[in-house]
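Q: Task: produce atomic coordinates for the following.
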Amino acid sequence: MTQDPRPFGRLLTAMVTPFAPDGSLDVDGAQKLAAHLVDHQRNDALVISGTGGESPTTTDAEKETLIRAVVEAVGDRARIVAGVGTNNTAHTVELARSAEKAGAHGLLVVTPYYNKPPQSGLIRHFTTVADATGLPVMLYDIPHRSGVPIATETLLRLAEHPAIVAVKDAKGDLAGSARVMAQSNLAYYSGEDAATLPWLSIGAVGVVGTSTHLIGAPTQDMISAYERGETATALALHRQLLPLFTGIFRTQGTILVKAGLTLLGLPAGPVRSPLVDATEAETNQLIEDAAAAGLSLGAHD
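A: This next block holds a predicted model:
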């Protein structure tokens, strides 16, 4: 059976998790935000309970509740990918099975962090999780957070597993990843907003974004233009959006996304500790970055 070259579409946003003012889960807000991201920002899929969704500070029960709510809201018109990665294989398997029961369409599995397993440990971890459900798996390669890269040879080994279909790459090894793409059917998604266009040029199919909460639609236009061969248009859009592709990471991305969504009157709420909400100066800088990218967030009082 031929694998879908874009198993999760082109544009995915790693959705933040809306909280109520008291810090509790805002389920209604999550459904409204998901609908906005799909219907107005033109996302093909959403990642729920990724790190950008503050997964380190949400309970397993909250994760399952979130997936069920978002699947109910937009699961008929977007793919819902559950972030289930931890540094404990058994716990990751539990989260994967819970996500499948809750209706998720796929899994995002990050490299186990902090305990720094060898490559043989990564192979066993990822294949054990992939064997645990009937869902397709996207690997998340982000060594600056996990401490360990997924080596090129390891990726080629993992690509042999029928359920492992994609990679979210925040490693930035274009040469190594180009080899993986040439020698496997793994679909690559940029894990860094500003690197999306360069990644497309070597065979990637899209992005799992953060700034795409705010500029998903023009990012979708950029990817589509590149795929049509309209590279000048794609480059112009890349340059237009670059101030927000990068500006959203002036501090931790979730913090500024929630600030931007709040300015737009969309569900977001506070962040949970150890994160802290954006300062007035950070919010004002975000407004400037958004304006430079062609997006008005209004004036901050």
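Q: Any idea how far the helix or strand hosting Thr233 is from the middle of the chain?
A: Using DSSP states H and E, Thr233 sits in helix 231-247. Centre-to-centre, helix 231-247 and its host chain are 19 Å apart (C-alpha atoms, centre = their mean, to the nearest Å).
Q: what's the answer for stretch 266-275, then?
A: Mean-position distance between stretch 266-275 and its chain equals 17 Å (C-alpha atoms, centre = their mean).
Q: same thing with stretch 159-174?
A: With C-alpha atoms, centre = their mean, you get 14 Å for stretch 159-174.
Q: So which bits of that stretch are buried?
A: Using 16 or more other C-beta atoms under 10 Å as the test for burial, stretch 159-174 gives 159, 163-174. C-betas here are computed from N, CA, C, even on glycine.
Q: Pick out whichever of those residues sits closest to Thr13.
A: Ranked by distance to Thr13 (C-beta to C-beta), these are led by Lys168 at 12.1 Å.
Q: which residues in the stretch 1-150 of the chain form helices?
A: Using DSSP state H, counting those that start in this stretch, the helices of the stretch 1-150 of the chain run over 27-39, 60-74, 89-101, 119-132, 143-146.
Q: would you turn these into CSV with mean neighbour count and mean pLDDT?
A: CSV is the format used below for the helices of the stretch 1-150 of the chain (neighbours: other C-beta atoms under 10 Å; pLDDT from 0 to 100):
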stretch, mean neighbour count, mean pLDDT
helix 27-39, 20, 98
helix 60-74, 20, 98
helix 89-101, 18, 98
helix 119-132, 18, 98
helix 143-146, 15, 92
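Q: Could you give the average pLDDT over the helix holding Thr233?
A: Across helix 231-247, pLDDT averages out at 98.
Q: the strands in the stretch 101-250 of the chain, which residues?
A: Secondary structure of the stretch 101-250 of the chain (DSSP state E, counting those that start in this stretch): strands at 106-110, 137-141, 164-169, 187-190, 206-209.
Q: hey, which of those strands is tucked in deepest?
A: Mean neighbour count (mean count of other C-beta atoms under 10 Å) peaks for strand 206-209 among those, with a mean of 29.
Q: what helices or strands is that strand leaning on?
A: Judged by 3 or more C-beta pairs under 8 Å, 6 or more residues apart in numbering; DSSP states H and E, the packing partners of strand 206-209 are strand 11-14, strand 187-190, helix 196-201, helix 212-227.
Q: That strand pairs with which strands?
A: Strands that pair with strand 206-209, judged by DSSP bridges, come out as strand 11-14 (parallel), strand 187-190 (parallel).
Q: For the ones you listed, give me JSON lines that also has mean pLDDT.
A: As requested, those are arranged in JSON lines below (pLDDT from 0 to 100):
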{"stretch": "strand 11-14", "mean pLDDT": "98"}
{"stretch": "strand 187-190", "mean pLDDT": "98"}
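Q: can you list the ones you listed in JSON lines and add distance to Leu95?
A: Formatted as JSON lines, the strands paired with strand 206-209 follow (distance: least, C-beta to C-beta, whole Å):
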{"stretch": "strand 11-14", "distance to Leu95": "16"}
{"stretch": "strand 187-190", "distance to Leu95": "21"}
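Q: Select, out of these, the one closest to Ile123.
A: Using C-beta to C-beta as the measure, strand 187-190 is the one of the strands paired with strand 206-209 that comes nearest Ile123, at 19.0 Å.
Q: Dump that closest one to CSV, restricted to CA.
A: Only the C-alpha atoms of strand 187-190 are listed here, as CSV (Å, rounded to 0.1, in the frame of the first residue of the first chain):
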residue,chain,number,x,y,z
ALA,A,187,7.0,12.7,5.5
TYR,A,188,9.0,15.7,6.9
TYR,A,189,7.4,18.6,8.6
SER,A,190,9.4,21.6,9.7
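Q: how about the nearest residue to Thr262 once chain neighbours are set aside, secondary structure?
A: Nearest residue to Thr262, sequence neighbours excluded (C-beta to C-beta, 6 or more residues apart in numbering): Ala268, at 5.1 Å. Using DSSP: H, G, I helix; E, B strand; the rest coil, the structure places Ala268 in coil.
Q: Understood, closing this out.
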